[in-house]
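A.B. asks: Just the structure for this:
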Amino acid sequence: MSGFHRFYWLVNLNSAVVFVSISYIQQSVAKNLGFLLPFVSAFMVMITIHMVHSEMIYKPKKGSPLLTTFGVVVNALKMCRVRYYHFCGDMTSWLDHAKENYGGWYSEIHVESTKSLVRLFPLFAFQILYRTCIMQIPSGYYLQTMNSNLNFNGFFLPIAAMNVISILPILFLAPILECIINTYLFDSKKHTRSPTIYIIAGHLTAALSLIVAGFSEIHRKHFPPVEQTLSGRVLLVSSMPCFHLAPQYILLGVAEALVTPTCSLLSFRLVPDGIQGISMHFLTLFNGAGCFMGAFIVQTTYAGSQGIWFPHFLHEGKLERFFFFLASLMMVNTLGFWTISHRYSNLHQEYAKGFRGSSLQEKLLQHEKNLKFYDSVLETTSTLSPVETFL
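C.D. replies: Residues are numbered from 1 along each chain as shown. Next comes the predicted model:
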């Protein structure tokens, strides 16, 4: 678990620096310079990777696990269609139709690996709505901050400064969570705890953040309007200080610290070694689907409410209703995930076995030992004379 926490800790540390520096330059110095700096940084990274390319560890290609996984699914669907979805023998899943023992094209280890990956799809699906809530930082929360007073003792704060507030809980909680998880999740032998409890807590925290955002929006409208210059435009905004919105950002940061490393842990450990990369890619794919889902929900609520729930000018609409609606969806999503969380609660047992995802490799190793034993017996008997063999 420490690897995931350290990775996300470094990513968010870099994000905090970028949000403060580039946003300040773009907002107060030069707008085009804010676009030039990320381009130069990415270009320098590509040059650095090219220079150290010869020093990287290269592993020869051994087939495509992704194509094999899709091939197992397609072959199982074909066999199911031929057999009219009739399960025969000791089949426990429709994917067993792809096994060679049942007329399929793939070995047992390929099919079992695919089954372990498919078992994670409900976990991935329940992260879509959660990622939609996280995307409120650059959308709904951004509108709230832009329409609040950014003047702090004569210093004009960049809007992205509030994003840093959502990153701070990750920077502080990641080391603490690493110690807690390593102590109570992996070192405990008698009292095992499921890592899914952190995902449930994170989902509840995200829903609570949306509720707080709704009440903050109601509170913001009670302040008198003032004029504020933003990127050369004069806007009429609320005189409420933007730091009044800090609790909702902090809650989303806590949710991200709880959910993202734990989902990565489950995606990595509950599948065999050969498809761990594919599992992580599917997690990223579903997270991206959550971003598109967020845009779809915004467009749907905007059209359904005729621009009232997600207005262009916040003082003319009811943005708090959108936050309360999304929070109710998140509560239902959390309840749904809680009902299936028991499927991913045996992480400690699989970790103790030393095999990540399945005990099938142990069976294959044992099978290879038996074959070597029988080969040695055959070699011994072949050196004997016919009389000795008969006796």
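A.B. asks: so where's the stretch 101-250 of the chain uncertain?
C.D. replies: Within the stretch 101-250 of the chain, the stretches with pLDDT under 70 are 102-103, 180-193, 231.
A.B. asks: can you give me the helices for it?
C.D. replies: For the stretch 101-250 of the chain, the helices defined by DSSP state H, counting those that start in this stretch occupy 108-118, 121-125, 127-134, 140-146, 161-181, 196-220, 246-269.
A.B. asks: How about residues contacting the second one?
C.D. replies: Put plainly, it is helix 121-125. C263, L266, S267, F282, L283, L285, F286, F337, I340, R343, Y344 (CB atoms under 8 Å, 6 or more residues apart in numbering). No exception for glycine: its C-beta is placed from N, CA and C like everyone else's.
A.B. asks: Can I get the helices of the stretch 101-250 of the chain in TSV including mean neighbour count and distance to V73?
C.D. replies: TSV is the format used below for the helices of the stretch 101-250 of the chain (neighbours: other CB atoms under 10 Å; distance: least, CB to CB, whole Å):
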stretch	mean neighbour count	distance to V73
helix 108-118	22	7
helix 121-125	17	11
helix 127-134	23	21
helix 140-146	21	37
helix 161-181	19	33
helix 196-220	21	26
helix 246-269	23	18
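A.B. asks: Which of those sits closest to E100?
C.D. replies: Closest approach to E100 among the helices of the stretch 101-250 of the chain (CB to CB): helix 108-118, 7.5 Å.
A.B. asks: Just the C-alpha atoms of the closest one, please, in CSV.
C.D. replies: C-alpha atoms of helix 108-118 as CSV (Å, rounded to 0.1, in the frame of the first residue of the first chain):
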residue,chain,number,x,y,z
GLU,A,108,-7.6,-22.5,-17.6
ILE,A,109,-5.1,-19.9,-16.3
HIS,A,110,-6.2,-17.4,-19.0
VAL,A,111,-9.9,-17.9,-18.2
GLU,A,112,-9.4,-17.7,-14.4
SER,A,113,-7.3,-14.5,-14.9
THR,A,114,-10.2,-13.0,-16.9
LYS,A,115,-12.7,-14.0,-14.3
SER,A,116,-10.7,-12.2,-11.6
LEU,A,117,-10.7,-9.1,-13.8
VAL,A,118,-14.4,-9.2,-14.5
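A.B. asks: about what we covered before: quick check: which of the helices of the stretch 101-250 of the chain is nearest to V45?
C.D. replies: helix 161-181 (20.9 Å).
A.B. asks: Now do the closest one: distance to the chain's middle.
C.D. replies: Offset of helix 161-181 from its chain centre (CA atoms, centre = their mean, to the nearest Å): 16 Å.
A.B. asks: begin at 185 from here
C.D. replies: In the new numbering, first residue 185, that becomes helix 345-365.
A.B. asks: relative to helix 380-404, how tilted is it?
C.D. replies: 150 degrees (axes from the mean of the first three to the mean of the last three CA atoms, to 10 degrees).
A.B. asks: name the helices or strands packed onto helix 345-365?
C.D. replies: helix 186-208, helix 430-453 (3 or more CB pairs under 8 Å, 6 or more residues apart in numbering; DSSP states H and E).
A.B. asks: Distance to G324 added to the ones you listed, as a markdown table?
C.D. replies: Shown next, in a markdown table, are these (distance: least, CB to CB, whole Å):
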| stretch | distance to G324 |
| --- | --- |
| helix 186-208 | 18 |
| helix 430-453 | 10 |
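A.B. asks: one step back: to V516, which of the helices of the stretch 285-434 of the chain lies closest?
C.D. replies: Across those, closest to V516 is helix 311-318 (CB to CB), at 8.6 Å.
A.B. asks: returning to what we had before: so which of the helices and strands packed on helix 345-365 is nearest I351?
C.D. replies: helix 186-208 (4.7 Å).
A.B. asks: what comes up buried for the closest one?
C.D. replies: 188-189, 192-193, 196, 199-200, 202-204, 206-208 (16 or more other CB atoms under 10 Å).
A.B. asks: Kindly provide the whole-number mean pLDDT of the helix or strand just after that helix.
C.D. replies: For helix 186-208, the succeeding helix or strand toward the C-terminus, using DSSP states H and E, is helix 215-235. Averaged across helix 215-235, the pLDDT comes to 82.
A.B. asks: tilt between whichever helix or strand comes after helix 215-235 and helix 292-302?
C.D. replies: Remark: after helix 215-235, the chain's next helix or strand is helix 249-266, criterion DSSP H and E. Interaxial angle of helix 249-266 relative to helix 292-302 (the same axes, to 10 degrees): 90 degrees.
A.B. asks: Quick one: list the elements packing against helix 249-266.
C.D. replies: Going by 3+ CB pairs under 8 Å, 6+ apart, helix 249-266 lies up against helix 292-302, helix 460-488.
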